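Peer 1: Show me how the following folds:
(one chain, ligands or ions: 3)
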Amino acid sequence: MPRHLLRALVVLQFLFALASTSNALERPGVEFKIFQFPPDRIPRIDGNVEDWEIVPAEYSIGINQLADTVGGRGTNYNRADLDVQVKVGWVRGINQLYFLYEASDDYWDFIKPDLHNDIFELVVDGDLSGGPLIKHMHPHFKTPEDAHTLFHGVHAQNYHIFTPAEGKDWTMVWGAQPWIKDLPYANAAYQYNFKHGQSGKLILEFWITPFDYAPPDGPARAVISQLRENQLIGMSWSILDYDDENSKQFKGFWNLSHKTTMYGNASDLCAFRLMPLIPSLRKPVEANWDFQIVDASRRVVAFQDRSSANVTGWRWDFGDGESATDQHPVHVYKSGGEFVVTLIVDSPAGKQRRSKVWDVVLK
Ligand SMILES: [Ca+2]
Ligand SMILES: [Ca+2]
Ligand SMILES: [Ca+2]
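Peer 2: Numbers count the residues shown, from 1 in each chain. Ligands and ions are numbered 1, 2, ... in the order given. Presented below is the predicted three-dimensional model:
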């Protein structure tokens, strides 16, 4: 290969590497996957794992991905001391993140009413805002108390989830917005049969709602993060393994980001991608569409095709006797009315129809 071509290729590879990694986050080049559940397979929060059997193994994140950055053991994990596996899911159209946390511990420590408890700590940044999220790391406030209600957990959230939680709330939301841990913003269920101080396996199933803006005064002014297919979000977790109720400190701080400050800085989180449906769960073809009334007085309506992939042809019936074969037509209605609009799509798998009755209504 001529040298100038080779050089161009190297530059291209470099640019591609830049484009495909998320430089702002920890573990650049590493991307974790969030499994998309179809709407008829949304996990039921009951502590049973069957809903998650459709999730391929490549979505599972084990202890081999974690590093103990406080206890000093690095990536030298010992499955007899602690073993964990996490799966994350989402459903297109619902701004919630679902989790299955399965953990084995040689000593489940959960008798105390305070923070001394085995903990699954989760940090979520739904819009990749990045930067500090806890009051202690605020760049301008000298006294953390000032930053509590204005800042702490407002643009990214930190959950200290108690594993298990007996005689206490399932999680501490570290910030000024404890209302986000209850329905309709979160829900959790456990399954385990050990007592405090014993070993055993715990299953925790839960979902949370990520917020771009989660203020202290409740949901009225809150902004929920919009989850979109193929989008990246920032996320990390750490397991605070307490193995002795008389010890002041946890024994391990096993975290996914490999940087301890992931607990308070959203730029230290990892990249997670909201994946499309896996092929085996996709319908061969599904017709769907959307519309927007561009100008109500002139009765101009823009239609958008939202059909699944592999469509080769479109036929629109606008419900007024007119039709079109564009993918995204704009139609001007001559008179008002309540219209039945139909889209028929062609694909190698056959034809599919989607009508909407009286969604398009014009004066
Ligand atoms: Ca379940
Ligand atoms: Ca342990
Ligand atoms: Ca423990």
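Peer 1: Wait, P215 touches A222, no?
Peer 2: Yes - contact status for P215 versus A222: in contact at 6.2 Å, counting by C-beta atoms under 8 Å. The C-beta positions use only the backbone N, C-alpha and C, and glycine is treated the same way.
Peer 1: got any residues that touch both of these two?
Peer 2: Taking C-beta atoms under 8 Å, 6 or more residues apart in numbering as the contact rule, the neighbours common to P215 and A222 are Q177.
Peer 1: ok, which residues in this protein are in contact with ligand 2?
Peer 2: Contact residues of the chain with respect to ligand 2, defined by C-beta under 5 Å from the ion, are listed as D81, L82, D105, D106, D241, D243.
Peer 1: Filter these down to the buried ones.
Peer 2: Among those, those classed as buried by 16 or more other C-beta atoms under 10 Å are D81, L82, D105, D241, D243.
Peer 1: now the closest residue to the third one other than its chain neighbours: how far from Q198?
Peer 2: Pointing back at D105 there. Of all residues not flanking D105 in the chain, L82 sits nearest, at 5.5 Å (C-beta to C-beta, 6 or more residues apart in numbering). Counting by C-beta to C-beta, to the nearest Å, the separation of L82 from Q198 is 14 Å.
Peer 1: could you point out where this structure is predicted with low confidence?
Peer 2: Across the chain, the stretches falling below the confidence threshold (pLDDT under 70) are 1-24.
Peer 1: For it, what lies in contact range of ligand 1?
Peer 2: Applying the criterion C-beta under 5 Å from the ion, the portion of the chain that neighbours ligand 1 consists of P43, R44, D46, N48, D51.
Peer 1: Name the residue of the stretch 251-363 of the chain with the shortest distance to ligand 1.
Peer 2: Each residue of the stretch 251-363 of the chain has a distance to ligand 1, by C-beta to the ion, and the smallest belongs to L281, at 17.3 Å.
Peer 1: Domain ranges for the chain, per the record?
Peer 2: Following automatic domain parsing, the chain resolves into domains at 23-274, 283-362.
Peer 1: just checking, which of those sits deepest inside the structure?
Peer 2: The highest average neighbour count among those, using mean count of other C-beta atoms under 10 Å, belongs to domain 23-274 at a mean of 18.
Peer 1: which stretches of the stretch 1-150 of the chain form strands?
Peer 2: Using DSSP state E, counting those that start in this stretch, the strands assigned to the stretch 1-150 of the chain run over residues 31-36, 61-62, 67-68, 82-91, 94-105, 119-125.
Peer 1: what's the closest of these to D268?
Peer 2: Ranking the strands of the stretch 1-150 of the chain by distance to D268, with C-beta to C-beta as the measure, places strand 119-125 first at 8.7 Å.
Peer 1: Alpha carbons only: can I get stretch 167-187 in PDB?
Peer 2: Output for stretch 167-187, consisting of C-alpha atoms alone and laid out as PDB, is shown next (Å, rounded to 0.1, in the frame of the first residue of the first chain):
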ATOM      1  CA  GLY A 167     -36.500  -2.000  59.400                       C
ATOM      2  CA  LYS A 168     -35.400   0.800  57.100                       C
ATOM      3  CA  ASP A 169     -36.200   2.300  53.700                       C
ATOM      4  CA  TRP A 170     -34.800   0.200  50.800                       C
ATOM      5  CA  THR A 171     -32.400   3.100  49.900                       C
ATOM      6  CA  MET A 172     -30.900   6.300  51.000                       C
ATOM      7  CA  VAL A 173     -31.000   8.900  48.300                       C
ATOM      8  CA  TRP A 174     -27.800  10.800  48.900                       C
ATOM      9  CA  GLY A 175     -29.100  14.300  48.200                       C
ATOM     10  CA  ALA A 176     -32.000  16.700  48.700                       C
ATOM     11  CA  GLN A 177     -34.700  14.600  46.900                       C
ATOM     12  CA  PRO A 178     -35.700  11.600  49.000                       C
ATOM     13  CA  TRP A 179     -39.100  11.600  47.200                       C
ATOM     14  CA  ILE A 180     -37.400   9.900  44.100                       C
ATOM     15  CA  LYS A 181     -37.100   6.500  46.000                       C
ATOM     16  CA  ASP A 182     -40.800   5.900  46.200                       C
ATOM     17  CA  LEU A 183     -43.500   5.100  43.600                       C
ATOM     18  CA  PRO A 184     -44.100   6.300  40.900                       C
ATOM     19  CA  TYR A 185     -40.400   6.900  40.600                       C
ATOM     20  CA  ALA A 186     -38.800   3.800  42.000                       C
ATOM     21  CA  ASN A 187     -39.700   0.300  43.300                       C
END
